[in-house]
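Participant: below is the structure, and that's it, no one-letter string:
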């Protein structure tokens, strides 16, 4: 009931407002502003300047105003404006309807059964042309249209007619396909006839001169064999005025039928909405009743809660008294505990002495640890000397290997000589047999010497492997000990395959706000670390170097790397490709980070000697500081 009353009051207010604005705009129209009538046939809606259609006939403008008034989307002011427009037109401009109908009737009566080209077209003849570059050229259609528009004929467009020699000297003026366009075309034809430049004048004149001739396109023009007939048959048809009127009548009947059906559908829809409104109103009344019941129940519940709160506060007060008594009892216990603590203070003095003794023991342990570190450095020095010995032995082994190869050649040579001697010794020469015996003896000595060198070589190889294993173990120990050394030191541990976040931070600061840059850098760096650990992504290609050997290089055409370079620049691209090369060199299968002893000053893998010298230098500095 309340909603129904509200709806009625709002409706009364809107109707009052509508009447006020209608009266206001109607008075403005009576004073001549804004303008509605622009000619005997052309009317414009002064309140819809942005619409694509601006020019209306009298009846069309009335239909437009009615459509805006009945539209649900229209505001009160829009409805008031168009109500005032409709009222003004019917009172002050309705006389012109008869003139419009008369114009239409006048246009149609003399030509009722005569055939015209439809859509309405006019023919412009005797357009001046000239021969240029092997064809005729003439005046453009745009200029002809402007000239006809200045005379008030308002063609839509003007098309020059062309043939195989170029501009034919004719042009087709197209008009609107309504009765206004027909009237403009007839007016153009009569204007040319008054100037003795009509169709009959064109075809009977002996000397055309430079004047333009024009007429409305008829059926005989449509059926002609020249370029005019060809053009018209392609783009138009022939209709009589009576036929066009009958067609318009059929369209109007169809439109009225469609509008009637639409009105019936809208009426049914309106009834349906009214039913829904009644149902919604009943449902709303029911909800209001339920709300009042719930509000009553809520008030009763609040009274119960307030009573419960008072009972609860009384319980809290009683509990507070109990806690106070408990605290007093606990205070007495704490006083007794204080006395016990004073008794234990003496015991703590003894514990303090024990702690002092343990501290001294820890200091002695630190001294022992220092000695252990010194022993480690001595071990490193000994390892350095051992490596020097190994280097010398390697050189010696290479020399002996060369000697072994020379000895093997000598043995083979002597065996060959012995075979020759055997073949030659068949003659029984005593001197030859003596030489053979000597060669056999020398050969045996050389073979024994060769066996001895083989054994020595194997011993040296085993020792070299053992020493190399010790060097690798020492290198691993150095890496483990130097993990905490930062890149500011010349020698330290570098994590091969690890991304440097600094270029990412610099790039994101350029692209994002300062407060978001750090977070964006972390997200971007984490994303590319995932790409680096993905074995399926391998942006490398195989090429042949100048020596014809295959070589693996970075594929700069990889889509991910190209997008990274374009979006974040060369610094980020260099950081990613460097990490990618490192992980491809040190751990291509597992793709995880590998620690390596590194010379940060020269940007290369550090030798064991450099690592040991770095530790000795640090130890000496530590020793000097301790002194």
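Facilitator: Alright, I've got the coordinates. The structure presented is a predicted model; accordingly, all values stated were derived computationally and were not measured. Numbers count the residues shown, from 1 in each chain.

Participant: for the chain, longest strand please?
Facilitator: Ranked by residue count under DSSP state E, the longest strand found in the chain is strand 166-174.

Participant: from the contact counts, what lies against that strand?
Facilitator: Counting contacts by 3 or more Cβ pairs under 8 Å, 6 or more residues apart in numbering; DSSP states H and E, the secondary-structure elements packed against strand 166-174 are strand 121-125, strand 129-132, strand 135-138, helix 141-150, strand 157-163, helix 227-235. Backbone N, C-alpha and C define where each C-beta goes, glycine included.

Participant: next helix or strand past the helix or strand of the chain with the lowest mean pLDDT?
Facilitator: Scoring the helices and strands of the chain by mean pLDDT, DSSP states H and E places helix 95-108 at the bottom, with a mean of 43. Toward the C-terminal end, the helix or strand that comes next after helix 95-108 (DSSP states H and E) is strand 115-118.

Participant: which strands and helices lie in contact with that next one?
Facilitator: Here strand 115-118 touches helix 219-223, strand 237-240, going by 3+ Cβ pairs under 8 Å, 6+ apart.

Participant: buried sites along the longest one?
Facilitator: Along helix 219-223, the positions that meet the burial threshold by neighbour count (16 or more other Cβ atoms under 10 Å) are 221-222.

Participant: quick one: distance of that helix to the chain centre.
Facilitator: The offset between the C-alpha centroid of helix 219-223 and the centroid of the whole chain comes to 61 Å, using Cα atoms, centre = their mean, to the nearest Å.

Participant: can you check stretch 514-521 too?
Facilitator: Distance, stretch centre to chain centre, for stretch 514-521: 19 Å (Cα atoms, centre = their mean).

Participant: re earlier: quick one: average pLDDT of the next helix-or-strand element following the longest strand of the chain?
Facilitator: Later in the chain than strand 166-174, the nearest helix or strand by DSSP H and E is helix 179-194. Mean pLDDT, helix 179-194: 88.

Participant: show me which residues of helix 179-194 are buried.
Facilitator: Of all the residues in helix 179-194, those buried under the rule 16+ other Cβ under 10 Å are 179-189, 191-193.

Participant: let's see the pLDDT reported for residue 3.
Facilitator: 39.

Participant: could you do residue 486 as well?
Facilitator: According to the predicted model, the pLDDT of residue 486 comes to 50.

Participant: cool, and residue 213?
Facilitator: Predicted confidence (pLDDT) for residue 213: 91.

Participant: what sits against it?
Facilitator: 124-126, 192, 197-199, 201-202 (Cβ atoms under 8 Å, 6 or more residues apart in numbering).

Participant: before we move on, the earlier item: adding distance to residue 570, write the buried residues of helix 179-194 out as JSON lines.
Facilitator: Below are the buried residues of helix 179-194 laid out as JSON lines (distance: Cβ to Cβ, whole Å):
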{"residue": "179", "distance to residue 570": "73"}
{"residue": "180", "distance to residue 570": "69"}
{"residue": "181", "distance to residue 570": "68"}
{"residue": "182", "distance to residue 570": "73"}
{"residue": "183", "distance to residue 570": "74"}
{"residue": "184", "distance to residue 570": "69"}
{"residue": "185", "distance to residue 570": "71"}
{"residue": "186", "distance to residue 570": "76"}
{"residue": "187", "distance to residue 570": "74"}
{"residue": "188", "distance to residue 570": "72"}
{"residue": "189", "distance to residue 570": "76"}
{"residue": "191", "distance to residue 570": "75"}
{"residue": "192", "distance to residue 570": "76"}
{"residue": "193", "distance to residue 570": "81"}
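
Participant: list just the nearest of those to residue 328.
Facilitator: Within the set of the buried residues of helix 179-194, residue 180 lies nearest residue 328; the separation is 110.0 Å, counting by Cβ to Cβ.

Participant: now do the SS call for the closest residue to the closest one other than its chain neighbours.
Facilitator: In space, and not counting its chain neighbours, residue 180 is closest to residue 41: 5.6 Å by Cβ to Cβ, 6 or more residues apart in numbering. When the structure is split into helix, strand and coil by DSSP: H, G, I helix; E, B strand; the rest coil, residue 41 lands in coil.

Participant: that older thread, out of the helices and strands packed on strand 115-118, which gets nearest to residue 137?
Facilitator: Shortest distance between residue 137 and the helices and strands packed on strand 115-118, using Cβ to Cβ, is found for helix 219-223: 24.0 Å.

Participant: which residues sit against the closest one?
Facilitator: Applying Cβ under 8 Å, 6+ apart, the contact partners of helix 219-223 are 114-117, 123, 228-229, 232-233, 236, 238.

Participant: apply 7 Å and report the result again.
Facilitator: Residues lying outside helix 219-223 but in contact with it, judged by Cβ atoms under 7 Å, 6 or more residues apart in numbering, are 115, 117, 123, 228-229, 232-233, 238.

Participant: out of these, flag the one nearest to residue 165.
Facilitator: Out of the contacts of helix 219-223, the member with the shortest distance to residue 165 (by Cβ to Cβ) is residue 228, at 15.0 Å.

Participant: so who does that closest one touch?
Facilitator: For residue 228, the contacting residues are 123, 161, 170, 221, by Cβ under 7 Å, 6+ apart.

Participant: now it: how far from residue 586?
Facilitator: 87 Å (Cβ to Cβ, to the nearest Å).

Participant: ok, now which ones touch residue 144?
Facilitator: So, once contact is read as Cβ under 7 Å, 6+ apart, residue 144 ends up touching 124, 158, 171.
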